[in-house]
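Novice: Sequence and predicted structure, then a few things I'm wondering about:
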Amino acid sequence: MSKLYFALAVLFAIAIFAVRSDETPSEQCPGEEFDNLHERIQVLPCGKSRCKLRKGTNTTVVFKFKPKNVVNELTNDVYAIIGGLPLPFVGVAGVSACTQIKHADTGESAPCPLEPNKEYVYTNVFPILDVYPQVALRVHWALRDGNTDVVCFEVPAVITAAAKKN
């Protein structure tokens, strides 16, 4: 049943990504330059100036990318930058991203290796854990093939308290 919910969340995220006109506030990673970065990224939920990551909820990240070279293995490099210190997102950082890739034109699964100059869509749904501190931060998100960034961006965010239970 959880696979069905995950599949529905992925389809929902892709649909929202396709129809939303506002952009996720994102920036290039230092020293990187990826074409049309702002138009390719959607983080849900996200406001115009920063993303609000509420404890006890899930956040969805969807973005399109086109590798310049063959990608043999794709790994998530995801961490929060708090006070200049990088702190990895537990359960996301260092995990293979190959299972989260689809062909942009067909929506079919696109396991690694990935072809150069072909457009892909990455989708990841991950929890904002209750143990995370309530703090303003920058989220660094990269997909890496070995030591090379295939795509990389940073998003201003804030981790907020969990919703009050009635």
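Specialist: Arrived safely, thanks for sending. Residues are numbered from 1 along each chain as shown.

Novice: Dihedrals phi and psi, residue 99?
Specialist: phi -80, psi -10 (degrees, to the nearest 10).

Novice: Just to check, residue 43 is in contact with residue 155?
Specialist: Yes - the criterion here is C-beta atoms under 8 Å, and residue 43 meets it with residue 155 at 5.8 Å. Backbone N, C-alpha and C define where each C-beta goes, glycine included.

Novice: distance of residue 79 from residue 154?
Specialist: 10 Å (C-beta to C-beta, to the nearest Å).

Novice: before we move on, the earlier item: with neighbour numbers in mind, choose between residue 43 and residue 155.
Specialist: residue 43 (23 against 20; other C-beta atoms under 10 Å).

Novice: In contact with the more buried one, which residues?
Specialist: 24, 26, 51, 59, 60, 61, 62, 139, 155, 157 (C-beta atoms under 8 Å, 6 or more residues apart in numbering).

Novice: quick one: low-confidence ranges for the protein?
Specialist: For the chain, applying pLDDT under 70 flags the ranges 1-23, 166.

Novice: Mind telling me what element the residue nearest the centre of it is part of?
Specialist: Geometric centre of the chain, nearest residue: residue 61, 3.5 Å, by C-alpha atoms, centre = their mean. According to DSSP states H and E, residue 61 maps onto strand 58-65.
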